[in-house]
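In: Give the three-dimensional model of this entry:
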Amino acid sequence: MVLFFYIISVFYELDQETWVKKILFVYLLLMALALSACIFDSDETVMAGWLSDQGIPGGYSVQTLSVENLTPLSSEVFLDSAPSLANDRAVLGKTANISHDLVFDIAFYDSVFFADLKKSDSATAYMSLYVLRPFYSSKSYPADSLPLNEELTLNVSWILDKGPSKSFVDSVGDISDSLWLSSLSKWKADSSVDISVSISVSAKDSVVKISLPSALLTAMKDVSRACRLQLRLSAPEAARTYRFYGAGTSLYPKLWVSFPKEKSYNEYDPFRMAHIISNKESCSDCLVLHGGIYDSLVVEYESAPIMKALSEFYGDEFPYMADDGDDVRQTVVLAQMTYAKDDSQGSNELGLPIQVVVGSYTDSAGKSVRQMEAYKLNKSLIASKGHPNMVFYEGDSLTLQVTYGLRDFINRARDGRTFKMMMRLGYPVLQPKDSSYSDHVISKNDTSYVFFSHFDHARYDFSSVMKQPSTLKLWLANKRGDK
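Out: Numbers count the residues shown, from 1 in each chain. Coordinates of the predicted model:
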């Protein structure tokens, strides 16, 4: 899983030569991943080789231990509520109880334009947003749901600052993105107007034009030379979300002001754009994760049941008190938590299974840090039943690998620490029974895509899941030889 997100992050907008180098590097990583996946196979020679790669002599046995009826010590959802830059993709509307707003930062110096605006009594303005065509035209998108037609109430609010010269515009550009995003969380508009707009999106549409209220142009008539316009669009009662290109792409949004009598217009480009989300969930205690944003569910387990099971497994005290403070008997080769799945309270737009991304909290120089888990493949199981780490998919269980976390936890549990893990909703899965877990070429000019490259704005409620007992299963490589 870490590998998948690595590919997404490093490949975006690279030149051809860099692409080739990256593909070669990822190919080698995939080969290594394929070898590690053999831990599930019965070939003892392969098993011994894998253990040797981990620094464990192949003669040591691998044993399994299941710890059943585990219940969380605590479970808490952290909503990703901070404003973020909408450089690549932008979302407007509401779905899965999350409202998505867009904010544009536009600054320009144009004394001729403002003089013309003062004299005009018929000027109109609108924003053009370019539809994210790769999403709506994808073969993986449920085409029978297009076109999307909706008349909605759009709230338009703005903050307008006047300036005397071009240096004012330059000073706006000097404001850092982080400082600007921080200011948006305390948004206090100069004015706000509700307007009725119609939005229509089909696989062939390229642009949506959103008319802006006349009150905004009236406010701009007081500007003489330069201004900074921060414009916010919000559709909190929309029936769905709409996806557009962001300000950092070649199809960035534009502000248009038209002068019908003169048959002329002016065009201004936002130099940055932000995405603001608002949680509309009515249950404050529910363990709800939303897709497409970085919500996280953090679950914590006490150490006693796990330590007790290990002590009974070995027939002596666990943890074993070695001089270095670690229990040196075992290396955790694989660890997985299995939950009773409940899709009944969930919702997703695309109708595809969705992977659950996992991270564990491990010790780093005395501080707890979150480490994303690497996903090892059980190829025979995946081929017959599909990946076990998906929701909105067949089966009544959800199995998540927490190897890094349990490996660290067992070696440090003598201090009484808890085991803590994190979950998020990841990308939709196009081929739930493909064990590559990464896109791969199957023939010339034909690539098999395992993941949809766009997040689903889904909603999944883990409340009932966390109320039911879960099972921890450990694969342990014995480091004491025959013991």
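In: On the three-state scheme, Glu312 is what?
Out: Here Glu312 takes the helix state, with states given by DSSP: H, G, I helix; E, B strand; the rest coil.
In: where does it land on pLDDT?
Out: For Glu312, the model assigns a pLDDT of 89.
In: what's the neighbour count on it?
Out: Per other C-beta atoms under 10 Å, the neighbour tally for Glu312 reads 11. Heads up, the C-betas are built off the backbone N, CA and C, glycines and all.
In: where's it relative to Val193, distance?
Out: 68 Å (C-beta to C-beta, to the nearest Å).
In: Assess the claim that Leu310 and Phe318 are in contact.
Out: Yes - if you go by C-beta atoms under 8 Å, Leu310 and Phe318 touch, sitting 4.0 Å apart.
In: quick one: which of those two has more around it?
Out: Neighbours were counted for Leu310 and for Phe318 using other C-beta under 10 Å; Leu310 has more, 24 against 21.
In: List the contacts of the more buried one.
Out: 65, 318-319, 410 (C-beta atoms under 8 Å, 6 or more residues apart in numbering).
In: Go again with 6 Å.
Out: By C-beta atoms under 6 Å, 6 or more residues apart in numbering, Leu310 lies in contact with Phe318.
In: Let me know the outermost residue of this protein.
Out: What lies farthest from the middle of the chain is Lys119; by C-alpha atoms, centre = their mean that is 48.0 Å.
In: Would you check how far apart it and Ile354 are?
Out: Distance of Lys119 to Ile354, given as C-beta to C-beta: 55 Å.
In: residue boundaries of the strands in the stretch 201-350 of the chain?
Out: 207-211, 226-234, 241-245, 254-259, 264-268, 272-279, 288-290, 296-301, 330-340 (DSSP state E, counting those that start in this stretch).
In: Can you tell me the strand partners of the fifth one and which way each runs?
Out: Strands flanking strand 264-268 in the sheet, each with its direction: strand 254-259 (antiparallel) (DSSP bridges).
In: hey, C-alpha coordinates of the partner strand in CSV?
Out: The C-alpha coordinates for strand 254-259 follow below in CSV (Å, rounded to 0.1, in the frame of the first residue of the first chain):
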residue,chain,number,x,y,z
LYS,A,254,-11.1,32.0,-14.7
LEU,A,255,-13.0,35.1,-13.7
TRP,A,256,-14.8,36.9,-16.6
VAL,A,257,-16.3,40.3,-16.6
SER,A,258,-18.4,41.1,-19.7
PHE,A,259,-19.4,44.5,-21.1
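In: what comes into contact with that strand?
Out: Residues from elsewhere that reach strand 254-259, judged by C-beta under 6 Å, 6+ apart: 106, 120, 123-128, 265-269.
In: State the pair within the residues you listed that is farthest apart.
Out: Longest distance between any two of the contacts of strand 254-259 is 21.5 Å, between Ser120 and Asp269; criterion C-beta to C-beta.
In: more neighbours, these two?
Out: A count of neighbours by other C-beta under 10 Å puts Ser120 above the other of Ser120 and Asp269, at 17 against 12.
In: Thank you kindly, that will do.
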